[in-house]
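# Sequence and computational prediction follow.
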Amino acid sequence: MTDFMLFLPELLFILAALLFFILSLRKTADPAGCHKWAIVLASIGLLVTVASSRQEGMLFFDCYRVDLFSQVFKVLLALGTIWVIFSSGELKGISPRQHAEYYFLIFVCTLAMMMLVSSVELLTIYVSIELSSYSLYLLVPMRRNADQYVETGIKYFMVGVTASALMLFGISLLFGMAHTTYVPQLVKTLPGIITQPATIVGLLLALCGFFFKLALFPFHVWAPDVYQGSSNQVTTYIATASKMAAAAMIIRFAGLSAGASPAMIKLLIVLSILSMTFGNLVAIIQKDIKRLLAYSSIAHAGYILIGILSFSGRGYASAIYYAAAYLVMNYSVFMVIMKLADDGHNLQIKELAGLHKRSPLLAMTLMLGLFGLAGIPPTAGFTGKFLVFAAALEKGYLFLVIIGMINATISLYYYLIVIKAAYLLKPVNEYPTLQVDAWTRCMSVVLVIMTIYLGIFPDHFLSLTEAAAKTLF
């Protein structure tokens, strides 16, 4: 009975996916009914996940660990999923006949990512990441006029399978050197063999799968086209929920070396710098707001890596905090995008002109979300950057912190371009009146409060992330 309770959140998502698989077999489409069922099941899943957050135990021959670290990320995954599902009432970018399949793949992908953050065995991790990836490979081309975005789906798949192959090769090297696939045993074994080239190469290749999910340079090439080519809801899901699982596993995997390999540390520092710099510089010239946010996500992957590079409890806690703050801030921006482009088209920055008059609340939500992403106080984004920079300074990475601060300043420029369009530009043609439903109004208020509250009063959540990080040692 105890084992059953440990796996209860995942079981609920399995049942939800099974229901939508059955609904997808019906001859007649019922988009409204599918959306109601999805909201109910996602809400139950979130409640059960929160209720299970303090559970601990091992499952499946010790391949599956339920602890505070995994449960915190499961709550973030469930929260991101229900936000996306609530915003999927107007799925005009996807054919009504495919709505059941859309919810089926969303629940399967969330299930896979929940399994991913609890997996502590290399092959279990690999199977989980593949299940989540293939769900996304199917979600990305699921859009009206899909012929225009065939290249997007193919590119995403090809880059994904390449990263997967590298990851599998890395796992084989780790197994060959450590003679185990269990993460707890690897933690004990690797410090003694981390100086050997095969171990370093194996660990880095194994990380490739997570670098791909997080869109860290140089595994970022899929992100701009996938963000632009996917429907707005699918892009939101990729940009929010899926990033949580990737961040969790990079934290867990990077901690295997415990900073014992200078070569690995130097390489991760280079990847962090390249990711921040490339993402921010290329984002400046973007006109499509989803492509801009794609390059922004590449930069934020570099910021998260700064916290991880400290290889300490404080650094891991700051990375967890940053990932949670990124979820809130990024969803704030994407919720506005989904509302303005409710017909499913790709929103251009110039289309934000006059937003503060059409909907002051949405304009404020967009502004605070972007201020948070830029790291302006008193938002959660500022506190997140402060925490990862402080953790890096404790380890003596002053040069890395300076580069991070320079990049944060660069990012402010293109975020302000978007805010300028919403508040200062006048539309060339008058846009129709924007009808904001009760759910969007409530969600906007909640997101604004969360963005500011987490920025000014981070103590309670930070203590939770610190407790979660301690379970890694």
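Nice, I can see it. Predicted, not measured: the structure shown is a model, and the values here were computed from it.
# only C-alpha atoms for contact and neighbour calcs from this point on.
Noted.
# need the contact list for G315.
G307, I308, L309, L387, V388, A391, A392 (C-alpha atoms under 8 Å, 6 or more residues apart in numbering).
# I'd like to know which elements the one helix or strand the fifth one maps to is packed against.
In the assignment (DSSP states H and E), V388 maps to helix 380-394. Under the contact criterion of 3 or more C-alpha pairs under 8 Å, 6 or more residues apart in numbering; DSSP states H and E, the helices and strands touching helix 380-394 comprise helix 289-308, helix 313-340, helix 360-374, helix 398-423, helix 438-456.
# swap the cut-off to 6 Å and go again
helix 313-340, helix 438-456 (3 or more C-alpha pairs under 6 Å, 6 or more residues apart in numbering; DSSP states H and E).
# nearest to S133, of these?
helix 313-340 (19.2 Å; C-alpha to C-alpha).
# ok, and the helix or strand in the protein with the lowest average confidence?
Lowest on mean pLDDT, DSSP states H and E among the helices and strands of the chain sits helix 2-6, with a mean of 71.
# Distance of L203 relative to K395?
22 Å (C-alpha to C-alpha, to the nearest Å).
# same question, K74
According to C-alpha to C-alpha, K74 stands 29 Å off from K395.
# now, which of the contacts of G315 sits nearest C63?
The nearest member of the contacts of G315 to C63, counting by C-alpha to C-alpha, is I308 at 23.7 Å.
# how many other residues sit next to the closest one?
For I308, the neighbour count with other C-alpha atoms under 10 Å is 29.
# R54 in helix, strand or coil?
Look at R54: counting by DSSP: H, G, I helix; E, B strand; the rest coil, its state is coil.
# Actually, Q435.
Classification of Q435 using three-state DSSP returns coil.
# What is the burial count for it?
That count, for Q435 with other C-alpha under 10 Å as the rule, works out to 11.
# Go ahead and measure how far stretch 301-318 is from the middle of the chain.
The chain centre lies 16 Å from the centre of stretch 301-318; the measure is C-alpha atoms, centre = their mean, to the nearest Å.
# Which of K74 and K395 has more residues huddled nearby?
Neighbours were counted for K74 and for K395 using other C-alpha under 10 Å; K74 has more, 31 against 13.
# Next one: that one from A29, what distance?
31 Å.
# got it, and I273?
Using C-alpha to C-alpha, I273 is found at 48 Å from A29.
# okay, the two: which has more neighbours?
Using other C-alpha under 10 Å as the criterion, I273 and A29 rank with I273 on top: 23 against 17.
# Excluding residues flanking it in the chain, which one is nearest the more buried one?
Leaving aside its sequence neighbours, I273 sits nearest to G302 (C-alpha to C-alpha, 6 or more residues apart in numbering; 6.6 Å).
# what about the one you found, distance to K426?
Applying C-alpha to C-alpha, the value for G302 to K426 is 35 Å.
# which sections of this protein are below the confidence cut-off?
The chain contains residues with pLDDT under 70 at 1-3, 144-149, 255-261, 344, 428-429, 431-433, 473.
# Could you identify the helix or strand that succeeds the least confident helix or strand of the chain?
Where DSSP H and E defines the elements, the next helix or strand beyond helix 2-6 is helix 8-23.
# Which elements pack onto the next helix or strand after that following helix?
Per DSSP H and E, helix 8-23 leads on to helix 31-51 as the next helix or strand towards the C-terminus. Applying 3+ C-alpha pairs under 6 Å, 6+ apart, one finds that helix 31-51 contacts helix 68-86.
# Give me the residues contacting the helix or strand encompassing M114.
Using DSSP H and E, M114 maps to helix 99-118. The contact list for helix 99-118, computed with C-alpha atoms under 6 Å, 6 or more residues apart in numbering, reads 10, 13, 17, 20-21, 24, 31, 64-66, 70, 74, 125, 128, 131-132, 135, 245.
# Would you mind giving me the ChimeraX syntax to select the buried ones in these?
Entered in ChimeraX, the line below selects the buried ones among these, by 16 or more other C-alpha atoms under 10 Å:
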select :10,13,17,20,21,24,31,64,65,66,70,74,125,128,131,132,135,245
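# one step back: does the residue nearest to I273 really touch S275, like I thought?
Yes: under the criterion of C-alpha atoms under 6 Å, G302 makes contact with S275 at 5.2 Å.
# relative to helix 289-308, how tilted is the helix or strand in which L268 is found?
Using DSSP H and E, the element containing L268 is helix 262-283. Orientation of helix 262-283 against helix 289-308 (axes from the mean of the first three to the mean of the last three C-alpha atoms, to 10 degrees) gives an angle of 160 degrees.
# Which secondary structure elements does helix 262-283 sit against?
Helices and strands touching helix 262-283, by 3+ C-alpha pairs under 6 Å, 6+ apart, are helix 289-308.
# contacting residues around the helix it packs on?
Helix 289-308 has contacts (C-alpha under 6 Å, 6+ apart) with 215-216, 223-224, 227-228, 272, 275-276, 279-280, 283, 286, 315-316, 319, 348-349, 388.
# again, but for stretch 420-429
Under the contact criterion C-alpha under 6 Å, 6+ apart, stretch 420-429 has outside partners L352, A353, G354, L355, H356.
# can we see that at 7 Å?
Residues outside stretch 420-429 that contact it (C-alpha atoms under 7 Å, 6 or more residues apart in numbering): I349, K350, L352, A353, G354, L355, H356, A363.
# Contacts only, for the most centrally placed residue in the chain.
By C-alpha atoms, centre = their mean, the chain has its centre lying nearest to K243, at 1.6 Å. With contact set as C-alpha under 7 Å, 6+ apart, K243 has these partners: K213, L214.
# No further questions, thank you.
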